[in-house]
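**Student:** Give the three-dimensional model of this entry:
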Amino acid sequence: MSALRILTGKDARRRNVRRVLAALLVVTAACSSDSQSSEESTASAAAPGSEHGGSTSTAANPVDTSTGGHVNPDAAADAGARAPGDSAARQPMSSAGMSANAMVKPGAGAPGAAGAKAGTAGTPTTGPSGGAGSSAGADSDAGATGGASADPSALASIQISANGFVFDARAAGPETGELVILLHGFPETSYEWRNQLGALGKAGYRAIAPDQRGYSPGARPEAVEDYKVQLLASDVAAMADAVGASRFHVIGHDWGASVAWMVGHFSASRVISLTALSVPHPDAFAMQLANRSSCQYSASAYFDFFSAENSQTQLLANNAAVLRGLYSGIEPASIDAYLQVLNDPNALRSALNWYRANVGARMLNQPTIGAITVPTLMIWSDRDTALCREGVEATKNFVTGPYMLEVISGVDHWMVDRASDRITQLLSAHLDQYREKK
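**Tutor:** Residues are numbered from 1 along each chain as shown. Okay, the predicted model is just below:
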């Protein structure tokens, strides 16, 4: 065991349950109130802050993953109300036949706003009403000159046509570099990966972070069933086809991790390595949810709210006060970047369709996917009140390829924003270990 303490027992579990339920009461109260005081008190939960935690690593196959980390029930209650990544539905899919519809369109200007002026790297541009037309903004004018820059760390805005949709994306690194696809969570966008994109591009990778289905204006189908996780995974394979990559690395946080697990299953022969942040293997996650006395079943109470019809209306009421409150401790500039996409009712409805399509009655609507065979890195933060430790620990039983667990201490669910340097280090080390283009 590591020096990190594991909280166990009924008292700890009750405390965690109380905090989750209290957070949901705050959400529903804010949604039903039109008063200015309600708006201000909810929005105040998004006050800026930072946490820079260390990490504990454990390898599996053959090394055990029993090192520490704990679910901290004393973490901020609003963190319990945020939208963690969960896993989702599964049906067989193949990337065969998708490449004909997959093409990359560099030089398209700011994502979601054709012809919009490109901004400074990492800085979102402003669009009409901060809605879907503005997306998360252009990061560089490199996209207007072919999607690549002489500076491999510079971010470019590109568009990728895949599966009949057009995805806005951020990219960095040489177009001939080994492909890394980075998948964001909810309620975030490709802006989540701005720091990692530059670092990976500088290291010679072709790093691409798309605004996924529902987040990109050109990839926003109406039907809930169009957001089944196997379809989201097929988008990733089609994007790889679009850029001419037969093999690639996949990285995902939160919902993006759920998709990454599915890509690792359905496209195993194409995946060089897989990294999942926060969300455990879907079979391990499902086992925890099936136990109604488990920490995870209680921590996933927010499923009921996010999957409800028209929940986007409540999240956006009072100048998106409740949605803003979910981003506890994240820098205001990052919140603004995420809201440039999600402050639009259609975009937020589509993003919430990931829940409606893939979870129900606090359970996953999917069959099991079995063992993952590709090299896998799991990263979890020990103050994540939405994803409990038990599912993370059980993940080692569902990976037969090389496996490593990294536990970041002192950081909540928003690890990519709040422990960015450490995340970049871990991702770079894992990618370099399995890199095929030396």
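**Student:** Quick check: which element contains Ile379?
**Tutor:** Taking DSSP states H and E as the criterion, Ile379 maps to strand 376-381.
**Student:** Sheet-wise, list the partners of that strand with their directions.
**Tutor:** strand 271-277 (parallel), strand 403-408 (parallel) (DSSP bridges).
**Student:** between these, which gets nearest to Arg383?
**Tutor:** Of all these, strand 403-408 sits nearest to Arg383, with 8.9 Å by Cβ to Cβ. In short, each C-beta sits where N, CA and C put it, glycine included.
**Student:** returning to what we had before: following element in sequence after the strand holding Ile379, please.
**Tutor:** helix 389-394.
**Student:** can you tell me the average pLDDT over that following helix?
**Tutor:** For helix 389-394, mean pLDDT rounds to 98.
**Student:** try stretch 350-357
**Tutor:** 98.
**Student:** before we move on, what about stretch 232-249?
**Tutor:** 98.
**Student:** sorry, back to before: can you pull out the residues in contact with the strand holding Ile379?
**Tutor:** 53, 55, 69, 264, 273-278, 280, 387, 389, 392, 395, 399, 401-409, 411-413, 415, 419, 423, 426-427, 430 (Cβ atoms under 8 Å, 6 or more residues apart in numbering).
**Student:** For that strand, C-alpha coordinates in CSV please.
**Tutor:** Extracted as CSV, the C-alpha positions of strand 376-381 are listed here (Å, rounded to 0.1, in the frame of the first residue of the first chain):
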residue,chain,number,x,y,z
THR,A,376,-3.0,0.8,-21.7
LEU,A,377,-2.4,3.6,-19.3
MET,A,378,-5.1,4.5,-16.7
ILE,A,379,-4.9,7.8,-14.9
TRP,A,380,-7.1,8.6,-12.0
SER,A,381,-7.1,11.5,-9.5
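**Student:** Now do the buried residues in it.
**Tutor:** Buried residues in strand 376-381, counted by 16 or more other Cβ atoms under 10 Å: 376-381.
**Student:** quick revisit: wait, which of the strands paired with strand 376-381 is closest to Gln366?
**Tutor:** That would be strand 271-277 among the strands paired with strand 376-381, by Cβ to Cβ, at 15.7 Å.
**Student:** Next SSE downstream of that closest one?
**Tutor:** Heading C-terminal from strand 271-277 (DSSP H and E), you reach helix 282-290.
**Student:** helices or strands up against that following helix?
**Tutor:** Applying 3 or more Cβ pairs under 8 Å, 6 or more residues apart in numbering; DSSP states H and E, we find helix 282-290 packed against helix 255-266, helix 295-299, strand 363-364, helix 389-394.
**Student:** which one of those lies closest to Leu197?
**Tutor:** Closest of those to Leu197 is helix 255-266, at 13.8 Å (criterion: Cβ to Cβ).
**Student:** Can you spell out which helices and strands pack onto the closest one?
**Tutor:** strand 179-183, helix 229-242, strand 248-253, strand 271-277, helix 282-290.
**Student:** Can you lay out these as JSON lines showing distance to Ala171 and mean neighbour count?
**Tutor:** What follows is the helices and strands packed on helix 255-266, written out as JSON lines (distance: least, Cβ to Cβ, whole Å; neighbours: other Cβ atoms under 10 Å):
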{"stretch": "strand 179-183", "distance to Ala171": "10", "mean neighbour count": "27"}
{"stretch": "helix 229-242", "distance to Ala171": "11", "mean neighbour count": "25"}
{"stretch": "strand 248-253", "distance to Ala171": "13", "mean neighbour count": "28"}
{"stretch": "strand 271-277", "distance to Ala171": "18", "mean neighbour count": "26"}
{"stretch": "helix 282-290", "distance to Ala171": "28", "mean neighbour count": "22"}
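**Student:** who's in contact with Ala169?
**Tutor:** Contacts for Ala169 (Cβ under 8 Å, 6+ apart) come out as 111, 157-160, 190, 208-211, 239.
**Student:** By neighbour count, which of the residues you listed wins?
**Tutor:** Using other Cβ atoms under 10 Å as the neighbour criterion, Pro111 leads the contacts of Ala169 with 36 neighbours.
**Student:** Tabulate the strands paired with strand 376-381 (JSON lines), appending distance to Tyr215 and mean pLDDT.
**Tutor:** Listed next are those as JSON lines, based on distance: least, Cβ to Cβ, whole Å; pLDDT from 0 to 100:
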{"stretch": "strand 271-277", "distance to Tyr215": "18", "mean pLDDT": "98"}
{"stretch": "strand 403-408", "distance to Tyr215": "26", "mean pLDDT": "98"}
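**Student:** need the ones you listed in a markdown table with distance to Phe248, can you?
**Tutor:** Shown next, in a markdown table, are those (distance: least, Cβ to Cβ, whole Å):
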| stretch | distance to Phe248 |
| --- | --- |
| strand 271-277 | 6 |
| strand 403-408 | 19 |
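**Student:** Looking at those, which is nearest to Ala219?
**Tutor:** Using Cβ to Cβ, the strands paired with strand 376-381 put strand 271-277 closest to Ala219, at 21.8 Å.
**Student:** what's the angle from that closest one to helix 255-266?
**Tutor:** 150 degrees (axes from the mean of the first three to the mean of the last three Cα atoms, to 10 degrees).
**Student:** From the rest of the structure, what touches strand 271-277?
**Tutor:** Under Cβ under 8 Å, 6+ apart, the answer for strand 271-277 is 178, 247-254, 256-257, 260-261, 263-264, 372, 374-380, 415-416, 423, 427, 430-431, 433-436.
**Student:** what about 6 Å?
**Tutor:** With contact meaning Cβ atoms under 6 Å, 6 or more residues apart in numbering, strand 271-277 is reached by 247, 249-251, 253, 257, 260, 264, 374-379, 430, 434.
**Student:** picking up where we left off before, taking the helices and strands packed on helix 282-290 together, which one is wrapped up most tightly?
**Tutor:** Per residue and on average, the most neighbours among these fall to helix 255-266, with a mean of 29 (mean count of other Cβ atoms under 10 Å).
**Student:** Can you name the residues that contact the closest residue to Gly252 other than its chain neighbours?
**Tutor:** Sequence neighbours aside, Ala260 is the residue nearest to Gly252 in space, at 3.4 Å (criterion: Cβ to Cβ, 6 or more residues apart in numbering). Applying Cβ under 6 Å, 6+ apart, one finds that Ala260 lies in contact with 183, 250, 252, 274, 276.
**Student:** Check Leu426 too.
**Tutor:** By Cβ under 6 Å, 6+ apart, the neighbours of Leu426 are Glu406.
**Student:** Leu232 contacts Trp261, doesn't it?
**Tutor:** No: between Leu232 and Trp261 there is no contact under Cβ atoms under 6 Å: 11.1 Å.
**Student:** Report the separation between the residue nearest to Gly252 and Ala284.
**Tutor:** Distance of Ala260 to Ala284, given as Cβ to Cβ, to the nearest Å: 14 Å.
**Student:** Same question for Arg383.
**Tutor:** 20 Å.
**Student:** So Gln159, which state does it fall into?
**Tutor:** On the three-state scheme (DSSP: H, G, I helix; E, B strand; the rest coil), Gln159 is labelled strand.
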